[in-house]
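1. got a sequence here, can you model it:
(2 chains)
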There are 2 protein chains.
Amino acid sequence: MSDIHFNKEKGSQLKLFTPGPVEVPERILQELAKPNDTHRSIPYEEMHEKVVEGLQKLLYTDNDCFIFTSSATGVMEACVRNLVKSDEKALFLSIGAFGDRWYNIGVKNGKNSTKEEVEWGRALKPEFVKEALEKDNYNVVFLQSNETSTGVYNPLEEIVPIIKDSGAVVCVDTTSSIAGVKVEVDKLGIDVCLASVQKCLALPPGLAVASISKKALNKAENVENRGHYFDFVYFNKKNQQNQTPTTPPIPQIRALAAQLDYILNQEGLEERFKRHARLGKRTRIWARDAGLEMFSESGFESNTVSTMKNSLNIDYAKMVSEMLSKGYRIVNGYGDLKNKTFRIGHMGEVSIKELENMLEDLTDVISALRLNKIS
Amino acid sequence: MSDIHFNKEKGSQLKLFTPGPVEVPERILQELAKPNDTHRSIPYEEMHEKVVEGLQKLLYTDNDCFIFTSSATGVMEACVRNLVKSDEKALFLSIGAFGDRWYNIGVKNGKNSTKEEVEWGRALKPEFVKEALEKDNYNVVFLQSNETSTGVYNPLEEIVPIIKDSGAVVCVDTTSSIAGVKVEVDKLGIDVCLASVQKCLALPPGLAVASISKKALNKAENVENRGHYFDFVYFNKKNQQNQTPTTPPIPQIRALAAQLDYILNQEGLEERFKRHARLGKRTRIWARDAGLEMFSESGFESNTVSTMKNSLNIDYAKMVSEMLSKGYRIVNGYGDLKNKTFRIGHMGEVSIKELENMLEDLTDVISALRLNKIS
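-> Next up is the predicted model:
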């Protein structure tokens, strides 16, 4: 299989058009390879402080930002454990696989959890959110900005204020949009904005981050059995000292520091968001021209990952494998959406030109598959 | 401060004699810098399988081994959440700061937790363990192999069988001894043997590993509210597919694969354990000659980290800072032991020659401090 082939060659030149982990630029890979030092040191503390300041700019917030040794899923669980008391109610607004995962995390942690969901491919609308909130008194609400499985972007500007008005604490998982789409945490009033770094930040996986509001921190103090490893109160104490509670993934933090510097001071946040918007638009135009219907609802398509239906009745597993032999990794649909959809990730450092080159090859592969030239 | 100085120089040549994170060899740093790929791929699965096989050899076990995106503390919490039911009792055998931490994790997770402790600097003895077990019916017992704060190594061969005889599930944190001291998991009957990788494995931090017995896995299935992120049952399901439940720190896993290959096929396990034993002995001889009493009980001194008392009444903070200006990082005592003790880590890839060079410089620094030549 092509997949093995690329492994054997080592130092693979695979171009990743995946919805994370994505390709990491060489300048960042070199950050990983710098000599290791301990975290209980002044150089680490200076770096930690710089990273927190950078994250605050990235997320448009004055809230403190924490650094976790975990994937985003760990911080999703952290929100559940730190913010929902045993006599409180949690509402999970799901538009796909990652929304469902968050609800399951609520259930598996023994919290009083309710899921309100829309059909996959659709976004949350203000009316739906209002109605969901009116059904009960929810203390904490959980939702995604961008649903990586369906390629849908929720209208946060319209729905977060509605949730805030209900008095609930709001947690938003921005894993597949952070640094690719503008999310103004303080303007929207997001209490916990969490993400991992291997998507639009174009960093290697192994690290997650979150901004935490004073309201969320105060709430956590009174939540029983919130555990130790993800205890927000303890994180806050250590963060004041520019430290993490336990040994952090120092190479990834050094990489994050360098990438935040690049994004904020070289590419520029607005330019980065514009580039992602162009990548999304270009992919959708290609899909339309190729005769592939978007799986995501019109007007709510993600600018970081595009999910296309199987309008042409193609063997998507074969298509993915053919693209791999051409040096590109794109991915099949997520879970139950396998073969019914496929996905192109266009996030991180990808340029329009690189996207267009890949799409050209993909057009050829699709033509060949339709003409049964590939068996 | 010297600490800042080294940061400013970048690419610091600091020699780390720390009890983790330790110095990472250049060949491993280069593994981190290889191009990133996704984990949902055949190359990743091949690497995952190879790492699990290597861990089994390292730990002398046929048990399955899991890879966690967390520090060791995360897996310590995982053991508590996965293995202690709400109507069961957990016993934490503490000989120092990390034993205390595990007990606190039990408490913070709402488990029925009991701590039995010995004076810091002393090891667990068979008689003490027997008496502790006789006080109640404990379902799960937690202990460290090597206590990083006190530099004490517990006599696992004598005490683990006693715990097994009681019928309890046994969890051992081998963070500061894995790959430095032989721990035969199957022979001793350790149910969960956990560790992070930034100590004797000489890898960058950001990853933890554990071997899990069938007994522990079966027990986990019936433990309520064990959560999702560290759910052993889900880990087991994904591990069968050579996958992790969520996105793993791929650079660190690649580094682990390379280091396991080096340890098992180049240095050799027995040689590595012998080298660590020599490093420990050499440090203790130096301490005796320098007039520094060991903090650790005679006969139970760690071969990976040495903790010395302040027999010479030296300003240890100043000593550590002076050593830093000479290019060496050694560390002050842990927590309450600060200034009362200091520590030398001699683990990972450190050679006897490197240790001796550092100890020579340390002797000079101590002499100067005693003669008040350093202000």
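2. how about the residues of the stretch 201-350 of chain A by chain B?
-> Within the stretch 201-350 of chain A, the positions lying close to chain B (CB under 8 Å from any CB of the partner chain) are A:204-207, A:224-229, A:231, A:245-252, A:329, A:331. C-beta: built from backbone N, CA, C; applies to glycine.
3. filter these down to the buried ones.
-> Among those, the ones that count as buried by 16 or more other CB atoms under 10 Å in any protein chain shown are A:204-207, A:226-229, A:231, A:245-252, A:329, A:331.
4. please see if whichever strand or helix holds residue A:80 touches chain B.
-> Assessed by DSSP states H and E, residue A:80 sits inside helix A:72-83. Yes - using CB under 8 Å from any CB, helix A:72-83 reaches chain B at A:72, A:73, A:74, A:76, A:77, A:81.
5. what is that helix packed up against?
-> strand A:64-68, helix A:97-108, strand A:140-144, strand A:169-173, strand A:192-196, strand A:208-212, helix A:214-220, helix A:232-239 (3 or more CB pairs under 8 Å, 6 or more residues apart in numbering or on different chains; DSSP states H and E).
6. okay, these in a markdown table with distance to residue B:111, mean neighbour count and mean pLDDT next?
-> Shown next, in a markdown table, are the helices and strands packed on helix A:72-83 (distance: least, CB to CB, whole Å; neighbours: other CB atoms under 10 Å in any protein chain shown; pLDDT from 0 to 100):
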| stretch | distance to residue B:111 | mean neighbour count | mean pLDDT |
| --- | --- | --- | --- |
| strand A:64-68 | 23 | 23 | 98 |
| helix A:97-108 | 17 | 21 | 98 |
| strand A:140-144 | 24 | 28 | 98 |
| strand A:169-173 | 26 | 27 | 98 |
| strand A:192-196 | 26 | 28 | 98 |
| strand A:208-212 | 26 | 27 | 98 |
| helix A:214-220 | 20 | 17 | 98 |
| helix A:232-239 | 18 | 18 | 98 |
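7. for chain A, which segments count as helices?
-> Under the criterion DSSP state H, chain A contains helices at A:2-9, A:26-32, A:42-58, A:72-83, A:97-108, A:126-134, A:156-165, A:185-188, A:214-220, A:232-239, A:250-262, A:269-290, A:316-325, A:352-370.
8. out of the ones you listed, deepest packed?
-> helix A:72-83 (a mean of 27; mean count of other CB atoms under 10 Å in any protein chain shown).
9. how far does it sit from the chain's center?
-> Relative to the centre of its chain, helix A:72-83 is centred 15 Å away, using CA atoms, centre = their mean, to the nearest Å.
10. let's test this: mean pLDDT of it, rounded?
-> The average of the pLDDT scores along helix A:72-83 is 98.
11. give me the angle between it and strand A:169-173.
-> If you take axes from the mean of the first three to the mean of the last three CA atoms, to 10 degrees, helix A:72-83 sits at 170 degrees to strand A:169-173.
12. quick one: helix A:72-83 to strand B:64-68, angle?
-> Calculated by the same axes, to 10 degrees, helix A:72-83 forms an angle of 80 degrees with strand B:64-68.
13. okay, helix A:72-83 in PDB with CA atoms only?
-> This file holds the C-alpha atoms of helix A:72-83, laid out as PDB (Å, rounded to 0.1, in the frame of the first residue of the first chain):
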ATOM      1  CA  ALA A  72      -8.100  18.700  23.300                       C
ATOM      2  CA  THR A  73     -10.300  15.800  24.500                       C
ATOM      3  CA  GLY A  74      -8.500  15.900  27.800                       C
ATOM      4  CA  VAL A  75      -9.500  19.600  28.200                       C
ATOM      5  CA  MET A  76     -13.100  18.800  27.100                       C
ATOM      6  CA  GLU A  77     -13.200  16.400  30.100                       C
ATOM      7  CA  ALA A  78     -11.500  19.000  32.300                       C
ATOM      8  CA  CYS A  79     -14.400  21.400  31.500                       C
ATOM      9  CA  VAL A  80     -16.900  18.800  32.500                       C
ATOM     10  CA  ARG A  81     -15.100  17.900  35.700                       C
ATOM     11  CA  ASN A  82     -14.300  21.400  36.800                       C
ATOM     12  CA  LEU A  83     -17.500  23.200  35.900                       C
END
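14. so what pLDDT did the residue nearest the centre of chain A get?
-> Compute the mean C-alpha point of chain A, and by CA atoms, centre = their mean the closest residue is residue A:175, 1.7 Å away. Per-residue pLDDT puts residue A:175 at 96.
15. surely it and residue A:181 touch.
-> No - between residue A:175 and residue A:181 there is no contact under CB atoms under 8 Å: 11.5 Å.
16. what touches both of those two?
-> Counting by CB atoms under 8 Å, 6 or more residues apart in numbering or on different chains, the shared contacts of residue A:175 and residue A:181 are residue A:146.
17. can you list the domains in chain A?
-> With domains defined by automatic domain parsing, chain A comprises A:2-17+A:269-370, A:27-265.
18. show the contacting residues for the closest residue to chain B within the stretch 251-375 of chain A.
-> Closest contact between the stretch 251-375 of chain A and chain B, by CB to the nearest CB, is at residue A:251 (4.9 Å). Applying CB under 8 Å, 6+ apart, we find residue A:251 in contact with A:31, A:32, A:34, A:36, A:204, B:32, B:204, B:206, B:251, B:252.
19. with adjacent residues omitted, what lies nearest to it?
-> Closest residue to residue A:251 apart from its sequence neighbours, by CB to CB, 6 or more residues apart in numbering or on different chains: residue A:32 at 4.4 Å.
20. and the one you found, what's its pLDDT?
-> At residue A:32, the model reports a pLDDT of 97.
21. so it touches residue B:34, yeah?
-> No - with contact defined as CB under 8 Å, residue A:32 does not reach residue B:34; the gap is 9.3 Å.
22. hang on, the earlier thing: using TSV, lay out the helices of chain A together with distance to residue B:236.
-> Below are the helices of chain A laid out as TSV (distance: least, CB to CB, whole Å):
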stretch	distance to residue B:236
helix A:2-9	25
helix A:26-32	30
helix A:42-58	35
helix A:72-83	17
helix A:97-108	15
helix A:126-134	35
helix A:156-165	37
helix A:185-188	37
helix A:214-220	31
helix A:232-239	29
helix A:250-262	27
helix A:269-290	38
helix A:316-325	27
helix A:352-370	37
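23. give me the below-cutoff pLDDT ranges for the stretch 201-350 of chain A.
-> Judged by pLDDT under 70, the stretch 201-350 of chain A has no weakly predicted residues.
24. quick revisit: out of the domains of chain A, which is closest to residue B:101?
-> Minimum separation from residue B:101 across the domains of chain A (CB to CB) falls at domain A:27-265, 7.8 Å.
25. span of that closest one from start to end?
-> 15 Å (CA to CA, to the nearest Å).
26. now check stretch A:177-196, is it near chain B?
-> Yes - Stretch A:177-196 reaches chain B (CB under 8 Å from any CB) through residue A:196.
27. how about the residues of the stretch 51-200 of chain A by chain B?
-> The stretch 51-200 of chain A comes close to chain B at residues A:69-74, A:76-77, A:81, A:101, A:104-105, A:108-110, A:196, A:198, as judged by CB under 8 Å from any CB.
28. which non-adjacent residue is nearest residue A:87?
-> Nearest to residue A:87 is residue A:112, by CB to CB, 6+ apart, at 8.0 Å.
29. how about that neighbour, what does it touch?
-> Residues near residue A:112 by CB under 8 Å, 6+ apart: A:84, A:87, A:88, A:89, A:90.
30. now residue A:200
-> Shown in contact with residue A:200 (CB under 8 Å, 6+ apart): A:22, A:176, A:177, A:178, A:179, A:180, A:181, A:276, A:304, A:347, A:348.
31. from residue B:199, how far off is the residue nearest to the centre of chain A?
-> Applying CB to CB, to the nearest Å, the value for residue A:175 to residue B:199 is 31 Å.
32. again, but for residue A:321
-> Counting by CB to CB, the separation of residue A:321 from residue B:199 is 41 Å.
33. what about the buried ones among the residues of the stretch 201-350 of chain A next to chain B, which are in strands?
-> Under the assignment DSSP state E, these contribute A:329, A:331 to strands.
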